[in-house]
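>>> what shape does this take:
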Amino acid sequence: MMKTVILCGGYGTRIRDVADDIPKPMIPIGGKPIIWHIMKTYAYHGYHDFVLCMGYKSEVIKDFFINYELRTSDITIKLGKKSEQIISEASHDEDGWKITLAETGIKAMTGARVRRIKKYIGDDPYFMLTYGDGVGDIDIEALVAFHKKHGKMVTLTGVRPPGRFGELGIAEDGTTITGFNEKPQASGGRINGGYFVCKREFLDILSEDEDLVLEQEPMKRLVELGELKVFEHDGFWQPMDTSREFSLLNELYNNNQAPWVKWEKK
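From the prediction side, this is the model:
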């Protein structure tokens, strides 16, 4: 089963008024961390093997998943010198998830984090990769099929954004990326929404240098090689960078209007 790598080492400095003491991917939507929502999206499409690239306050992420059965099950406790704890049959739908909690460094940037989990990809020919702070109703099966069909090294999902992100340059064929500008204001085009599919060889372009930013030299190198394709997504996509976006996502979820929540509609 293809592994899904999720970047979840960030500080979330722009959303401090919402959560000052937890890593950004653990900020909740409807009572569950945003990273859980992202994982549920992949699991809905049949991908249950995750590698989490952790950094800032990784112990919070570890605690959540190590104690997941306790959090989601009924427990009977018998107190005394020889106390007993009986956990009821799991009452959640995450049975079978495999989660590797990888310590990729407090200060490491995104490119270094991905390179540092190379050993967990093993001999798999492909792996998926995304950010731990954005949700969308991405068709993962169509994304993977698109990637395997064109045969290039990396596919990223191009989304239509709020206008404060950098824009992708896309060639006339509609799938080849010709430019990767991280910061300029978008002018109605598409931006990098994460949800990558990568050949294992992409890891060889990366280094463990702490300062290696995935979206800079590695992406520019892929563009030079003609190895970066875009999967166009016109549906819902929303990052959670600010308290306003935190409120928006929670409002959508609480009103049963969250487009990314496919698993509750099965």
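>>> got any ranges where the stretch 151-266 of the chain has weak pLDDT?
162-168, 170, 180-188, 265-266 (pLDDT under 70).
>>> which residues of it fall in helices?
Secondary structure of the stretch 151-266 of the chain by DSSP state H, counting those that start in this stretch: the helices cover 217-225, 243-254.
>>> check which residues of the last one are buried.
Right, the one you point to is helix 243-254. For helix 243-254, the neighbour count (16 or more other CB atoms under 10 Å) marks E245, F246, L249, N250, L252, Y253 as buried. For the C-beta atoms, the positions are set from N, CA and C on the backbone; glycine is no exception.
>>> just the first one next, same as before
The neighbour-count criterion (16+ other CB under 10 Å) identifies E217, P218, M219, R221, L222, V223 as the buried residues of helix 217-225.
>>> give me the number of residues near the closest residue to T110 other than its chain neighbours?
Nearest residue to T110 in three dimensions, chain neighbours excluded: L214, at 3.8 Å (CB to CB, 6 or more residues apart in numbering). Neighbours of L214 under the rule other CB atoms under 10 Å: 20.
>>> so what's L214 up against?
Counting by CB atoms under 8 Å, 6 or more residues apart in numbering, L214 touches L7, M109, T110, G111, V114, L206.
>>> next one: V144
M2, Y126, M128, V197.
>>> so which strand or helix has the residue of the chain most remote from its centre?
Distance from the centre of the chain peaks at K81, with 44.4 Å (CA atoms, centre = their mean). With elements delineated by DSSP states H and E, K81 resides in a region that no helix or strand encompasses.
>>> from T176, how far out is it?
69 Å (CB to CB, to the nearest Å).
>>> can you check S58 too?
S58 is 37 Å from T176, by CB to CB.
>>> more neighbours, the two?
Using other CB under 10 Å, the more surrounded residue of S58 and T176 is S58, with 20 against 17.
>>> ok, the nearest residue to the more buried one once chain neighbours are set aside - contacts?
Using CB to CB, 6+ apart and skipping residues adjacent in sequence, the residue nearest S58 is E103, 6.0 Å away. Listed by CB under 8 Å, 6+ apart, the contact set of E103 reads M54, G55, S58.
>>> list phi and psi for the first one.
Spelled out, it's M54. phi -100, psi 160 (degrees, to the nearest 10).
>>> quick one: contacts for it?
M54 neighbours (CB under 8 Å, 6+ apart): C8, G9, P23, I61, K62, L101, A102, E103, T104.
>>> now those in TSV, with distance to I77, secondary structure and pLDDT?
Formatted as TSV, the contacts of M54 follow (distance: CB to CB, whole Å; DSSP: H, G, I helix; E, B strand; the rest coil; pLDDT from 0 to 100):
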residue	distance to I77	secondary structure	pLDDT
C8	32	strand	94
G9	35	coil	87
P23	30	coil	89
I61	26	helix	96
K62	23	helix	96
L101	27	strand	97
A102	33	strand	97
E103	32	strand	97
T104	36	coil	96
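>>> which ones are touching the closest residue to G174 other than its chain neighbours?
The shortest distance from G174 to any residue other than its chain neighbours is 7.4 Å, reached at E232 (CB to CB, 6+ apart). Contacts for E232 (CB under 8 Å, 6+ apart) come out as T157, G158, G174, R190.
>>> any idea how many residues pack against the last one?
The burial metric for R190, expressed as a neighbour count using other CB under 10 Å, is 22.
>>> from P33, how far off is the spatially closest residue to it that is not a sequence neighbour?
Closest residue in space to R190, ignoring its immediate chain neighbours: G158 at 3.6 Å, by CB to CB, 6+ apart. According to CB to CB, G158 stands 26 Å off from P33.
>>> just the strands from the stretch 151-266 of the chain, written as ranges.
154-159, 168-170, 177-180, 191-192, 196-199, 228-233, 237-239 (DSSP state E, counting those that start in this stretch).
>>> tell me the most buried of those?
Highest mean neighbour count of these: strand 154-159, a mean of 26 (counted as mean count of other CB atoms under 10 Å).
>>> give me the angle between it and strand 228-233.
Here strand 154-159 points in a direction 30 degrees away from that of strand 228-233 (axes from the mean of the first three to the mean of the last three CA atoms, to 10 degrees).
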